[in-house]
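Visitor: What shape does this take:
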Amino acid sequence: MCKFCWALVLVLFLTIASISYLFIFKGQTITASDGRSAILLTTEERNLVLLEMRQFLEAVQIITTAINKDDMPAVARAAKKVGFAAQTAVPPALMKKLPMGFKKLGAGTHKAFDQLALDAESLADKDYALAQLGDLMTNCVSCHASYRFDIAVE
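Guide: Numbering: from 1, shown residues only. Next comes the predicted model:
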């Protein structure tokens with residue numbers, strides 16, 4: 001009986017590990033014709049992710065202009081808008097479709113915007129803020145080089 005229980009525990013563990021890999025780490029992806037990972041989403045989910053990316057881009061434009069004008073409070077405001085607080089609206093169904101690498105890049109980008117906001121407020125150093133923005137943009141470039149969004153067949 002004990003061997004049966006251990007075998008059952010092992011089977012359940014492997015099942016849970018496989019499901020976790022598929023839904024937490026791999027997400028719903030295929031390899032696209034251009035070599036990137038295509039994340040398969042519904043039209044609404046794709047629109048939501050692309051909206052967030054446009055918000056990142058808008059924040060970068062505002063931050064760049066504010067740095068040029070040495071307006072560090074405007075830098076902080078723009079960066080805060082796309083920090084971690086902006087990530088709360090992501091539906092759980094969408095989160096499970098995103099691969100772990102994409103989630104890490106997204107979380108890192110939100111965190112970098114939060115750090116930029118904090119440093120803009122406390123340091124008020126436009127050269128440092130510009131360097132932070134440049135580092136932050138590596139996440140954007142890396143994400144766009146690695147992923148694209150395709151509509152899943154519904």
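Visitor: From G27, how far off is the most centrally placed residue in the chain?
Guide: Of all residues in the chain, the one closest to the mean position by CA atoms, centre = their mean is G106, 1.5 Å from it. Distance of G106 to G27, given as CB to CB, to the nearest Å: 12 Å. For glycine as for every other residue, the C-beta is placed from the backbone atoms N, C-alpha and C.
Visitor: Now for these two: what residues contact both?
Guide: Residues touching both G106 and G27 (CB atoms under 8 Å, 6 or more residues apart in numbering): L98.
Visitor: tell me the contacts of L94?
Guide: Counting by CB under 8 Å, 6+ apart, L94 touches L41, E45, L48, V49.
Visitor: Contact partners for the residue nearest to D114 when sequence neighbours are not counted?
Guide: Leaving aside its chain neighbours, D114 sits nearest to G83 (3.7 Å; criterion: CB to CB, 6 or more residues apart in numbering). By CB under 8 Å, 6+ apart, the contact set of G83 is H110, K111, F113, D114, A117.
Visitor: Which helix or strand contains the residue nearest to the centre of the chain?
Guide: Here G106, judged by DSSP states H and E, is contained in helix 100-122.
Visitor: For that helix, give me every contacting residue.
Guide: With contact meaning CB under 8 Å, 6+ apart, helix 100-122 is reached by 24-27, 37, 39, 56, 59, 63, 72-73, 75-77, 79-80, 82-84, 86-87, 95, 98, 125, 128-129, 132-133, 135-136, 139-140, 142-143, 146-147.
Visitor: just the buried members of these?
Guide: 27, 37, 39, 56, 59, 63, 72, 75-77, 79-80, 82-83, 86, 98, 129, 132-133, 136, 139, 143, 147 (16 or more other CB atoms under 10 Å).
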